[in-house]
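Peer 1: generate a structure from the sequence data that follows.
(chains A and B, ligands or ions: 1)
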Amino acid sequence: MDYFLSEEQQMIVDVARQITEERIIPQRAELDEKEEFPVDILKAIAQADLFGLYIPEEYGGFGGGSFDIVLALEEFGRGCVGIATAFAANALGAYPILISGSEELKQKYLPDIASGAKYAAFALTEANAGSDASGIQTTAVLDGDHWVLNGSKQWITNGGEANIYTVIAITDRAKGPRGATMFVVEDTDPGFSYGAKEKKLGIRASSTRELVFKDCRIPKDRVIGRVGTGFITVMRTLDLSRPGIASLGVGLGQAALDEAVRYAKQRVQFGKPIISFQAVQHMLADMAIQVEASRALVYATARNLDVNKSGVSKISSMCKVMATDMAMKVTTDAVQILAGYGYMREYPVEKMMRDAKILQIYEGTNQIQRNVIGQELNKEYINK
Amino acid sequence: MKIFVCVKQVPDAKDVRLDPKTNTLAREGVESIMNPYDRHALEEAVRLKEAHGGTVTVLSMGPPQAEATLREAVSCGADEMVLASDRAFAGADTWATTYTLSMAIRKLGGADLILCGKQAIDGDTAQVGPGLAERMNMPCITYVRKVVAVADGAIRVERMMDDGYDLVEAELPALLTVVKEINEPRIPSLKGKMKAKKQQLVMLSAADIEADPDQLGLKGSPTQVVRVFAPEMRGERAMIEGTVDEQVAALAARLEAIL
Ligand SMILES: Cc1cc2nc3c(=O)[nH]c(=O)nc-3n(C[C@H](O)[C@H](O)[C@H](O)COP(=O)(O)OP(=O)(O)OC[C@H]3O[C@@H](n4cnc5c(N)ncnc54)[C@H](O)[C@@H]3O)c2cc1C
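Peer 2: Okay, here's the model as predicted:
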């Protein structure tokens, strides 16, 4: 399908595709097997100027938006969702600064994120606060010219690898939803350390770790936005980042479809290539329909986000649900079509199926996305 | 430092065929790429520029289509691109090619360092690098696998050998031909691609480089291609079995029989 990309957008796709073909695909199985962080690949992505895609030019970026990052992420997702997650988490970590940060914070942190010189991460989840973000217990207390953080964050992507962490903590419990604030914590700050690296089902090239704050002292000016606006920044961050996760689903679904069609044409049973069996053809047809429909919704959403800054939660959640449920279904079907071979690590589809699962969980489970969509519908129809 | 990189557009080796009638490479329908060794030469040039300052100019002698390869080189970090293109250049062997390239480089003010791939994957002669060095009156170091240092008007490099490496130093200006081991070429960057799109192509004709027409193209090429063919597989193959001692004895006996 022709999506009428501009010349610039086509260049983004071409650069990301070359990295995917030449660097990501040849290394993905080994990095998955060894659970190894993709340092060299991230360097190649940085050298190709893609770390700064969505960062304004005045901070050393390319000055693009959601649609630009979505195009790149789709290509990386086609190669490896683990490596793509390690890359995408930088944007998730940078968005709070971009959305709510002061001019000083932007100048201080965004250029290094845009060049890929420093990695970023986003820290919301805690042991007792997953879907229910209001349950966070990490605290920040003002002490003279410093904030002092205590508590821990769980399952943080790029934990231990990133240099810049955007962290939400309770600053005034009595104020409820207006009692949390976001901060920038640097890897070298005193009182900041990491827990063990998690062992995972999929996206094993990405690093997932606990962050521990023990009387972690950071300068007062590390507050992102105003004190008490933490949850607003978090919600706006996730609105922006969800189409990115959705595009990983599109890329992954496309990759699984490609593998399944190629295999079905060449695998012979009962004297014929299995693609000649209608049962297989129909599965492939359904996979192709779902991939293309998801892509269309993700692109439309990203283009919308580049124009409309508010009222985007519903579409952002819709594309995340559709594309990631699709990725789970399509990768599962790809394994079914490759059957025994598909189940073996020798072929790439078992990894695709393992990698797909996380897309339905992180950045808000798909149940939570449906809650958001339902609540928005309820609001929209109030006067109708 | 003024660095020149000589690049050639070649048919993608993945689908090279010989035209059985003309015994030349069948180029129709075959995708063109930058000669893979030249990608390494370009990468090294860009790294040297990043470390020591200067400019990187990519130069190709070829048909107008070679522009695509030059633009790719700019997207990977080259500053200038020059295409020596003229009907008079057609049919050049390595002798005429080095003449043309040397005249072009002179016309452009000369070079402190010239980098070439060790050979082109279509002709596979590995002659253009050394030949060009001779024409430019420069020292030539072939099979470079590492640039160790550039200082005080000299360059020190490692030359890949079967049994190790040679450490060689040459005064600048010099010409190096590089092997793949020297580096991993970068993928074109977004800014590089945008620059490549806008970059002005410098075209040089035979007249522009003030060449002697008798030394150009087919006319200036002493090489005579008598026949091009795929060598037939010959010779018997035998498996020697048994314990190691038995195998060694059997092999020795066979060798003795031949000698
Ligand atoms: C690999 C990985 C990387 C991650 N990276 C990050 C990161 O970088 N930064 C970060 O902050 N977090 C990160 N997370 C955390 C992730 O965002 C959470 O796991 C996710 O939000 C869900 O929280 P939970 O796992 O605690 O599930 P729970 O909230 O305990 O949910 C359990 C189940 O109940 C359902 N459920 C819960 N509440 C409701 C409800 N109200 N209505 C309907 N269903 C409901 C959920 O959908 C789910 O099926 C990561 C997680 C993983 C696994």
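Peer 1: what residues sit buried inside the helix or strand hosting residue B:248?
Peer 2: Residue B:248 is located in helix B:244-258, with elements delineated by DSSP states H and E. For helix B:244-258, a neighbour-count test (16 or more other Cβ atoms under 10 Å in any protein chain shown) marks nothing as buried. For the C-beta atoms, the positions are set from N, CA and C on the backbone; glycine is no exception.
Peer 1: and what of stretch B:41-60?
Peer 2: Applying 16+ other Cβ under 10 Å to stretch B:41-60 flags B:41-49, B:56-60 as buried.
Peer 1: and what of stretch A:171-187?
Peer 2: A:171, A:178, A:179, A:180, A:181, A:182, A:183, A:184, A:185, A:187.
Peer 1: how far does it sit from its chain's centre?
Peer 2: 23 Å (Cα atoms, centre = their mean, to the nearest Å).
Peer 1: that one near the ligand anywhere?
Peer 2: No - figure legend: stretch A:171-187 not in contact with the ligand (Cβ under 6 Å from any ligand atom); closest approach 11.7 Å.
Peer 1: send over the helix holding residue B:248 as PDB, restricted to the C-alpha atoms.
Peer 2: The C-alpha trace of helix B:244-258 is given here as PDB (Å, rounded to 0.1, in the frame of the first residue of the first chain):
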ATOM      1  CA  VAL B 244      46.400 -40.800  10.700                       C
ATOM      2  CA  ASP B 245      49.600 -42.800  10.200                       C
ATOM      3  CA  GLU B 246      48.000 -44.800   7.400                       C
ATOM      4  CA  GLN B 247      46.700 -41.700   5.800                       C
ATOM      5  CA  VAL B 248      50.100 -39.900   6.000                       C
ATOM      6  CA  ALA B 249      51.800 -43.000   4.500                       C
ATOM      7  CA  ALA B 250      49.300 -43.200   1.700                       C
ATOM      8  CA  LEU B 251      49.600 -39.500   0.900                       C
ATOM      9  CA  ALA B 252      53.400 -39.600   0.900                       C
ATOM     10  CA  ALA B 253      53.300 -42.600  -1.500                       C
ATOM     11  CA  ARG B 254      51.100 -40.700  -3.900                       C
ATOM     12  CA  LEU B 255      53.300 -37.600  -3.800                       C
ATOM     13  CA  GLU B 256      56.400 -39.700  -4.400                       C
ATOM     14  CA  ALA B 257      54.700 -41.300  -7.400                       C
ATOM     15  CA  ILE B 258      54.000 -37.800  -8.900                       C
END
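Peer 1: not counting sequence-adjacent ones, nearest residue to the residue in chain A that chain B sits nearest to?
Peer 2: Using Cβ to the nearest Cβ, the closest approach of chain A to chain B is made by residue A:49 at 4.0 Å. Nearest residue to residue A:49, sequence neighbours excluded (Cβ to Cβ, 6 or more residues apart in numbering or on different chains): residue B:190, at 4.0 Å.
Peer 1: contact partners for the one you found?
Peer 2: A:11, A:12, A:15, A:48, A:49, A:50, A:53, A:62 (Cβ atoms under 8 Å, 6 or more residues apart in numbering or on different chains).
Peer 1: between those residues, which has the most around it?
Peer 2: Within the contacts of residue B:190, residue A:50 tops the neighbour count with 28 neighbours, counted by other Cβ atoms under 10 Å in any protein chain shown.
Peer 1: then that one would be within a strand, right?
Peer 2: No - the assignment for residue A:50, made by DSSP: H, G, I helix; E, B strand; the rest coil, is coil rather than a strand.
Peer 1: isn't it right up against residue A:11?
Peer 2: No - in this structure, residue A:50 is not within contact of residue A:11 by Cβ atoms under 8 Å, at 10.8 Å.
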